[in-house]
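Student: Predicted model and sequence follow; I will ask about them next.
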Protein chains: 2
Amino acid sequence: MIFAVTGVWTIWLVLVAAIAAFVAAFLLKKKVDTADAGNEEMVKVQGYIRDGAGAFIKRQYTTLAVFVLGLAIALGILYGVSGSLDFHWSLMVLSYLLGSFASGWAGWLGMKVGVDANAKTAQAATKGLTPAFDVSFFGGAVMGLICSASALGGVFILYFFAEDPLIILGFSFGASTIALFAKAGGGIFTKTADVAADLVGKIEYSLPEDDPRNPAAVADNVGDNVGDIAGMGADLFDSYVASLIAAMLLAYSVFRNMEIVDAQVFTTYPIIISAAGLFASIIGIIIISKMQKESPGKALNSGTWIATGLFIVIALMFTLLTFTTPGITDEMKNRLWLNWGSASIGVVAGLVIGLTTDYYTDDSKHPTQAVAESSQQGHALNILTGFSYGLLSVAPPTLGIVVAMAISFTLDGVWGVASASVGMLAIVGTIVSNDAYGPIVDNARGIAEQGGLEEDVIALCDKLDSAGNTAKAITKGFSIGAAALTVLALLYSFMVEAEEATVDIVMELNLLDVDVMIGALLGVMVPCVYSAVLIFAVDKNAQVMVKEIRTQFEEHPGILEGTEAADFERCIDIATKGSLKALIVPSLLSVGAPIVVGIIFGIRSLGAFLAGTILIGFIFGLLLSNAGGTWDNAKKYIEDGNLGGKGTLAHAAAVTGDTVGDPFKDTAGPAINTLICVMSLTASIFLPLFVAVGGGAGLIQL
Amino acid sequence: MIFAVTGVWTIWLVLVAAIAAFVAAFLLKKKVDTADAGNEEMVKVQGYIRDGAGAFIKRQYTTLAVFVLGLAIALGILYGVSGSLDFHWSLMVLSYLLGSFASGWAGWLGMKVGVDANAKTAQAATKGLTPAFDVSFFGGAVMGLICSASALGGVFILYFFAEDPLIILGFSFGASTIALFAKAGGGIFTKTADVAADLVGKIEYSLPEDDPRNPAAVADNVGDNVGDIAGMGADLFDSYVASLIAAMLLAYSVFRNMEIVDAQVFTTYPIIISAAGLFASIIGIIIISKMQKESPGKALNSGTWIATGLFIVIALMFTLLTFTTPGITDEMKNRLWLNWGSASIGVVAGLVIGLTTDYYTDDSKHPTQAVAESSQQGHALNILTGFSYGLLSVAPPTLGIVVAMAISFTLDGVWGVASASVGMLAIVGTIVSNDAYGPIVDNARGIAEQGGLEEDVIALCDKLDSAGNTAKAITKGFSIGAAALTVLALLYSFMVEAEEATVDIVMELNLLDVDVMIGALLGVMVPCVYSAVLIFAVDKNAQVMVKEIRTQFEEHPGILEGTEAADFERCIDIATKGSLKALIVPSLLSVGAPIVVGIIFGIRSLGAFLAGTILIGFIFGLLLSNAGGTWDNAKKYIEDGNLGGKGTLAHAAAVTGDTVGDPFKDTAGPAINTLICVMSLTASIFLPLFVAVGGGAGLIQL
């Protein structure tokens, strides 16, 4: 079959897109590399952050290597014994390893550039807003481009040689394994440091944010990089590839028995429109870099709008080009049209979900201000009001997903839904860029403070930082929506594959069947336990770090007076060790739970289990992220001088809300995205195992 | 068909049980009536509570009457026009009115006795533990018995005359309408007063609990009665009848075409075993009243254990008696056996779920102590730890429900599951008794404080109060588990009825169908919005009351000095008006949402919608109730002198947790039970409407 795929010549556009993105990333990286790194103190602080982040990543990747190798061996045995593949089993293992490597590499490189850009942003801020914005925006864009390019490039190469979308499953599962560690581990790290720094530094000793006397200050900065750059990148890399594999498998299954070129037109189409999305992101980044930067928030959001519009247009062009494939029929063209429509609906729905998320977390809007006002009545009402708005905020995105599903399904059934998720994630380059911009400017502010730069430079960094928060609200809504649609598509493709692989079982998920309802009940339980474990981890590690900080202050009173340097490394070490240790249970849960359900109750229960995790995961993801975002911005709103500003009961209560919201929005909430994705992929890749147990009916047949 | 039912002579046991319970309730009420009402001050305070509760109920019932009449007219038109009933449509309307009336009457009478018992308990406490326990226990038992007896009596009479279980649907929907108002409205009332009393009284002015100088103190006591007695009673009345209607409809549908006596054996069986449960509760109450009362907590829990054991035995006897029905075959006997087994599994599962709930909220166990310890690190960690334990606490009940479902389904399919829910709720007399005991002793403590009784009497009341909390943990787990199983059974019966009423639609809820997934997604959204609205209502009303309290303290400084009486009525008035006004959105949501989904997307989407609400409602119900319980008890643990006791940061943080937990556990959490029940019944009773729209396929067909 090798190279039959070349009948669909537009597949080469994917390679062109990936190469273009790598080139663009390289050029942007050079711009960051050549920027001025600032004064000695800044270089020193930046060095601490770089070393801390490097040490964490090294330790994490070492642990991860063992986990990846273990799973690689398991997959080798599973596919070697079951013989269920049309290609050699070792290719699946290779694909898995490649997926882990590609995601790990992209995360590492992106983070490295991000860490490098932070001090340089602070330094550029001494020259004005535009240079500072450019350095930080370029730093983030490198991450965005490298992530998309290596994902798309990997998918292209694997598919090009194997011509069977199943091979991408290994790649996707590999990326998921990394995301699991990077997102959950990074999330625990970043919030351990953040919570501890706030609890002791801000509340007990009234030190300002990022004060160099706070021993947790550097760990806090490191956390931004490992959690919000590397972790978030791995998370979106994961969703991105998962959306592709789901769409490719669904396309493939529908056309499994067609002539080879016919099938290839459909199975390659998801990657072709993703290439359109990557081009859209590259062009968007170029346009932003040429724009006036009076309002950095507007510039970032324009980038998202531009990429969305460009994606729809470029995908249209690529679709028309694909029509030139030899042997394509009108009926096939019609289906491509429908899926282009679905993809366009998907990306628009992503934008709408992002905008409503913004409404609930923006401090110029009613919800956040209401949370700030309720803080005047104390801690409890701050929590209650923020939590309630978090609950309310799930409604608009749910309606958005429902509308997107209804339209895309009407256009082309489950494949249409999968195309909507591909569309939503096609501009992932832009989403990751904007997301990675956040921690860079956040760190830049810290370095400016620690490096003793002028007040107006710090104020400028603050402005950049607040733009990051605005952009983040939209991109966060985007990623939760995209993850939900993607795992739905994965669920469909899992059931289609299962239907193909089994004989006796009708692959329906009828909730009136008891095995299905039991699966769904078990499914809704898992994200709760998973979130609890992650929040506990932050909670526990933060308490250890709090003790360390207090000890340092007590034993070395010079630290508080500024005459003695705080020992940053001890705090980084606590966060690193704690977060890796805390990953054991979540990792086992994510990979183990679907395997156990599939073996005991069979494939249908497992399908319902996944559906249950999706339903509640979507809700909890939104609730935790948006409540957290609202609390965070309510605090900032008060710190900006509203309602009496700092030093009031309202401020103290708002800080409580922010501290509660930290692990909600940056640890548990986003990790649920990864969880549902990992579990869905685990189910798909371990399918031969479930088929081996009672033909897919499981050990206990109800 | 009239009276053919008498072929199954054991049906008369139901009437006997209902009469026995009424007689027992009457005797216990007399004992409460003749107890000593205490000193003048106590009578005065009790009078305030009685008048406040009476005023609230009067206002609530007036509003409710309009709502009930509106729905009665709607039902009359619906059933009159559709002509879908085998009996006259006016009987359905009558049944609906009877259900509302029975539930409303039981709630009112039970609350009246409860309010009456509180001062008398305080007075009896001057004579010792046993007399005090007896008065309060009898007061609660009146409520428990009247609730069960009027529910079972109503079902008996309606079924006896119509001999069609569909008639009970009206009764059940009537009870649900009351529960919706009583539970959500009472929940908002009670927590408005509680939160406001705590925020100003305890935190700002450091007044002790129940201090007569606090203008919200009486409203707080009134709230306990309207929320925790009348509201909770209506809620369980609702679940109880719903479990019966679901089981009867499922039995009826399976045997619809059998000879009349055959079908009657099965359709009457659920009420017959419920009668066994009511006898078990009566005997349990008698045993407890004769027991030694060294440990009131143990006495209450023994009551639950005894009722559980007795239920299994008496149900066995009643099953054997039913075997003497003329014409019964061995195959029919076998099915009754299986359903007796399912009912026994159900009640045991209820107990297990209750015990695990107890683990997460008992202050002698790890979770609550861990929450107390984390409070030493401040408000935020108290919230995070309590919330995480709340998340974890969903796991054991979910596993309990899964096991109960798996076994009961294996025994006799969906009817087996329905029987498990009937079994779980059969001892509702005991559950309601123990629950109603709580507010009585809580009020007794308040009255003892306000009536100036001795310190050791107050301490004794405290002991009684803490027993109430222990019992409540178990009964709360019981009711959430029972509600989940009941609504599952309702879902099954809804789909079976829909299958019967429609022609073209396969009544499956296959999550791979887009209309089903869309229904489920909309379903998971509703409990979030509902909870948010209720918490907001508490939040907003509490803020109004806080202002009122502050105004009273400022304008009448004599109140704080004890020389001037606080104006209790203003606070009661705020809570009353606020809670009724806040009910508009939740009521429309509960009844309106299923109707809208059913009309727009059709019956299958509606079924999935209900499944979605059940899945997330179960999780949120447990999370909110258990997190709230843990916070509450962590605060009490600290107030008992642990970790430094009152006046510490740990205590302040624990009070924050308690205040957050109040609307979680007493407003939103339990109201979700009612919500999912009301929505399921709405779907069932409006079925003819959905059938009328495109034959059940809805306006938008995907």
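Tutor: In hand now; what should we look at?

Student: Pick out the residue closest to the middle of chain A.
Tutor: Nearest to the mean C-alpha position of chain A, by Cα atoms, centre = their mean, lies residue A:235 at 3.2 Å.

Student: List the contacts of residue A:292.
Tutor: Contact analysis of residue A:292 by Cβ atoms under 8 Å, 6 or more residues apart in numbering or on different chains lists residue A:130. Heads up, the C-betas are built off the backbone N, CA and C, glycines and all.

Student: Tell me how far it lies from chain B.
Tutor: As defined by Cβ to the nearest Cβ, to the nearest Å, residue A:292 lies at a distance of 41 Å from chain B.

Student: In three-state terms, label that residue for me.
Tutor: Judged by DSSP: H, G, I helix; E, B strand; the rest coil, the three-state class of residue A:292 is coil.

Student: what are the phi and psi values for it?
Tutor: Per-residue torsions, residue A:292: phi -70, psi 150 (degrees, to the nearest 10).

Student: mind checking how far the helix or strand encompassing the residue nearest to the centre of chain A is from the chain centre?
Tutor: Under the criterion of DSSP states H and E, residue A:235 resides in helix A:232-254. On the basis of Cα atoms, centre = their mean, to the nearest Å, helix A:232-254 sits 13 Å off its chain's mean C-alpha point.

Student: quick one: the helices in the stretch 101-250 of chain A?
Tutor: A:129-162, A:166-196, A:217-223, A:232-254 (DSSP state H, counting those that start in this stretch).

Student: quick revisit: average model confidence for the helix holding residue A:235?
Tutor: If you average the pLDDT over helix A:232-254, you get 92.

Student: does any part of it sit near chain B?
Tutor: No - counting by Cβ under 8 Å from any Cβ of the partner chain, chain B has no neighbours in helix A:232-254; the shortest distance is 11.6 Å.

Student: tell me what that helix is packed against?
Tutor: helix A:89-125, helix A:129-162, helix A:166-196, helix A:260-290, helix A:395-426, helix A:428-450, helix A:455-501, helix A:669-685 (3 or more Cβ pairs under 8 Å, 6 or more residues apart in numbering or on different chains; DSSP states H and E).

Student: So for the fifth one, what gets flagged as buried?
Tutor: Across helix A:395-426, burial judged by 16 or more other Cβ atoms under 10 Å in any protein chain shown covers A:395-402, A:404-426.

Student: Tell me the residue of the stretch 1-150 of chain A that sits nearest chain B?
Tutor: Residue of the stretch 1-150 of chain A nearest chain B, by Cβ to the nearest Cβ: residue A:84 (22.0 Å).

Student: where's that residue, which helix or strand?
Tutor: Following DSSP H and E, there is no helix or strand that holds residue A:84.

Student: Nearest residue to it in space, please, no chain neighbours.
Tutor: Of all residues not flanking residue A:84 in the chain, residue A:688 sits nearest, at 4.5 Å (Cβ to Cβ, 6 or more residues apart in numbering or on different chains).

Student: what's the answer for residue A:68, then?
Tutor: Closest residue to residue A:68 apart from its sequence neighbours, by Cβ to Cβ, 6+ apart: residue A:100 at 4.9 Å.

Student: contacting residues for the one you found?
Tutor: Neighbouring residues of residue A:100 by Cβ under 8 Å, 6+ apart: A:64, A:68, A:174-175, A:177-178.

Student: Highest neighbour count among the residues you listed?
Tutor: Counting neighbours by other Cβ atoms under 10 Å in any protein chain shown, residue A:175 comes out on top of those with 37 neighbours.

Student: Could you report the pLDDT at the nearest residue to that residue once chain neighbours are set aside?
Tutor: Leaving aside its sequence neighbours, residue A:175 sits nearest to residue A:103 (Cβ to Cβ, 6+ apart; 4.1 Å). The per-residue pLDDT reported for residue A:103 equals 96.

Student: doesn't residue A:173 make contact with residue A:103?
Tutor: No - between residue A:103 and residue A:173 there is no contact, the gap being 10.7 Å when judged by Cβ atoms under 8 Å.

Student: coming back round to it: and the helices and strands packed on helix A:232-254 as a markdown table, adding distance to residue B:289?
Tutor: Putting the helices and strands packed on helix A:232-254 into a markdown table (distance: least, Cβ to Cβ, whole Å) gives the following:
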| stretch | distance to residue B:289 |
| --- | --- |
| helix A:89-125 | 67 |
| helix A:129-162 | 70 |
| helix A:166-196 | 52 |
| helix A:260-290 | 71 |
| helix A:395-426 | 50 |
| helix A:428-450 | 65 |
| helix A:455-501 | 55 |
| helix A:669-685 | 50 |
